[in-house]
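give me the fold of what follows.
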Amino acid sequence: MINYKNGNLTVESVDVSKIVSEVGTPFYCYSYNKILDQYRGLAAALSSSKISIYFAVKANSNLSIIKTLAKEGAGADVVSLGEFKRCLLAGVDPKNCFSGVGKTTEEIVEALNNDIFQINVESEAELININEIAKSLGKVATIGLRVNPDVDAKTHEKITTGKKENKFGIDLKDAPIFFSKASTLSNVSMKSLAVHIGSQLLELSPYKSAYKKIAEMTRYLRSTGHEISHLDLGGGLGIPYSDESLADLNAYNQIILETVGDLDCKLSIEPGRYLVGEAGILITRVIYIKQGEQKKFVIVDGAMNDLIRPTLYDGFHAIVPVTEKNLSSQKSLCDVVGPICESGDYFAKDRMLPEVSQNDLLAITCSGAYGL
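Reported below is the predicted structural model:
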């Protein structure tokens, strides 16, 4: 785990300062046991739903992390050829899910040649393309239809993915049209619905709304002769970047049981941030302290290319000194910024932090997801 011991920040009881002496800065460091705790806790809470957990690799494609979760029995949800190849290299069962609105021909070919469990289709053009590629390979592609339920995930606008104005999925009302179209194509088998309404969800009500709609559509499709054997319920479970209250996993499990539990479908979810977000820290070194006319700047060697969340959508990350003695020092208002020649290159703005000096080490916490 990540904590202070003998005045120094440690990860799994390893002094972060010692790692710095070996690899320099900036670098990411992850807690193996925190990842295990998150995965096992989620699996236990959802055990009565008999749900499969597919790690959303887009959250963190570090090979060691993928291997760790694969050994625990997790599958993978990938959105690129690079992620897919990393999963194969890490020993993940290739029978995982391939998502994303812009899958290329190369990606589809690779997925089909490795007998992927499911490709989630998000447009008519993609449906036709997959059928043609599968035909050329002499295969029948197992596909799911990602639908857009028009549900507000109550998260940041840039990471909501289930509203009508978002680019993801097809309108829920059009699902019957797509299933009918797929039934006329010789090289695809569509027996699944998929939904993912957003990221960093701290409330459960959006899940309930989305899953109810998926259940209703499943029943309707079955009533019109279509087979539905799998429901991909997406991911999005959030973590506490500051003082947020987390969603109750037992309550989440109950929502799954109440909405789709009686449909006799294979169920899967795709958590990413929840599994790895709190397990990672980004270590950076203070290069200079600069007192401007209006602001104090703490200039570090890490930059927005290392962690884009703060500038991309105002993502908050607590920043702490690697040496605990700095915690008790007087605090001052400052911006923590990187060396890139853009004003958007920052980790924190107008933040009260303990006094730091040139060459001090800082840890940017909860950086295990969407940083690498």
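
can you give me the strands for the stretch 1-150 of the chain?
Under the criterion DSSP state E, counting those that start in this stretch, the stretch 1-150 of the chain carries strands at the ranges 2-5, 8-11, 14-15, 27-30, 51-56, 75-78, 97-98, 118-121, 141-148.

between those strands, which one is closest to Pro321.
Across the strands of the stretch 1-150 of the chain, the minimum distance to Pro321, taken as Cβ to Cβ, is reached by strand 8-11, at 7.9 Å. Just so you know, the C-beta spots here come from the backbone N, C-alpha and C atoms, and that holds for glycine as well.

if I look at Lys296, how far off is Gln38?
Here the distance between Lys296 and Gln38 works out to 36 Å (Cβ to Cβ, to the nearest Å).

quick one: which of those two has more around it?
More crowded of Lys296 and Gln38, by other Cβ atoms under 10 Å: Gln38, with 23 against 13.

thought the more buried one was touching Ala279?
Yes: the pair Gln38 and Ala279 passes the contact test of Cβ atoms under 8 Å, sitting 7.0 Å apart.

just checking, what packs against the longest helix along the chain?
Longest helix in the chain, counting residues (DSSP state H): helix 205-223. Under the contact definition 3 or more Cβ pairs under 8 Å, 6 or more residues apart in numbering; DSSP states H and E, helix 205-223 sits against helix 175-183, strand 188-194, helix 249-260.

got these as a markdown table, with mean pLDDT and distance to Lys95 columns?
Shown next, in a markdown table, are these (pLDDT from 0 to 100; distance: least, Cβ to Cβ, whole Å):
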| stretch | mean pLDDT | distance to Lys95 |
| --- | --- | --- |
| helix 175-183 | 98 | 20 |
| strand 188-194 | 98 | 13 |
| helix 249-260 | 98 | 21 |
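
looking at those, which is buried most?
When neighbours are counted by mean count of other Cβ atoms under 10 Å, the highest per-stretch mean among the helices and strands packed on helix 205-223 falls to strand 188-194, a mean of 24.

give the other helices and strands that it contacts.
With contacts defined as 3+ Cβ pairs under 8 Å, 6+ apart, the packing partners of strand 188-194 are strand 118-121, helix 124-137, strand 141-148, helix 175-183, helix 205-223, strand 230-232.
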